[in-house]
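Trainee: Coordinates for the following, if possible.
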Amino acid sequence: MNKKNKKVNAAILIIGDEILSGRTQDLNVSFLSNWLNESCGISVREVRVISDIEKNIIKTVKELSKNFHYVFTTGGIGPTHDDITAKSISKAFKIKYGYHKEAYRILENYYGKNKFNDGRKKMAKMPISSSLIYNPSSAAPGFKIKNVFCLPGVPSILKSMIENAKKFLIKGSKTHSKTLNVLTVESNISKELAQIQKKYIRQVSIGSYPFFRLGRVGVSVVIRSTSLTYLQKCLTNLNKIFKKKKIKEFNINRV
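Mentor: Model prediction:
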């Protein structure tokens, strides 16, 4: 879809007991957030992590689907008994759950009839009216139903197939960002940052994040906007303040 909407948002839903238990470190949130913003102009506004419990998945998917343009889920679409995302989403939208004909054909061709066991067949089960998100790595497709995109939890596989989801998305305006790393403490610039944020409240968002590098204390000031013009205006204001206060910049990349 080529139609553009300046403000398009999304939520990410990570599904899996392995994430909540700490056994597996999530790597998908940062990748998906960057991909959605950089490639699609879609801002991620909320991230949730929930367990493999059907009623929780149903409740959360329904809520996020109503509140955001798009929802991206990861995890729970594999071959094992605890992979219940597809079935839960079918129930959330009251759509028949069963073998998706094209998904079944893809997997049968990939594994061969003799090795296409029940576990592998399970990966072809989903809301039957879903659109497929093709998987060039391990064949098992993700799927899109309504405004929900269901992707695997394995980061390498997710990354290999994410571009195949782009055709279903309405793109928004890309958010540009600029980071200034300065040698000061937050309390020394908090008043000025608040004043600038108030001035550009509708055009720019400003965040400040303390850091400690090689014995140096500093703050990373991050400004974000869909408008390069307002981003530059804000940047000019910040540099004037830092110059007036004799605050030096710090090149974190050299550390």
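Trainee: How much space separates the nearest residue to Phe143 once chain neighbours are set aside from His100?
Mentor: Nearest residue to Phe143, sequence neighbours excluded (Cβ to Cβ, 6 or more residues apart in numbering): Ser130, at 3.8 Å. Placement of C-beta: from N, CA and C, glycine included. Between Ser130 and His100 the distance is 6 Å, computed by Cβ to Cβ, to the nearest Å.
Trainee: list residues touching both of these two?
Mentor: Residues touching both Ser130 and His100 (Cβ atoms under 8 Å, 6 or more residues apart in numbering): Phe143.
Trainee: hang on, the residue nearest to Phe143 packs against Tyr99?
Mentor: No: Ser130 sits out of contact with Tyr99 when judged by Cβ atoms under 8 Å, with a separation of 11.3 Å.
Trainee: quick one, which of the two is more surrounded?
Mentor: Ser130 (22 against 15; other Cβ atoms under 10 Å).
Trainee: give the contact list for the more buried one.
Mentor: 100, 143-145.
Trainee: just the helices in the protein please.
Mentor: Using DSSP state H, the helices assigned to the chain run over residues 17-20, 28-40, 54-67, 85-92, 101-111, 118-122, 155-161, 186-199, 228-244.
Trainee: How about residues contacting the shortest one?
Mentor: The one in question is helix 17-20. Here helix 17-20 has contacts from 24-26, 49-52, 75, 82, using Cβ under 8 Å, 6+ apart.
Trainee: just to revisit the earlier point, most packed of the helices of the chain?
Mentor: Burial of the helices of the chain is given as mean neighbour count (mean count of other Cβ atoms under 10 Å); helix 85-92 ranks first at a mean of 23.
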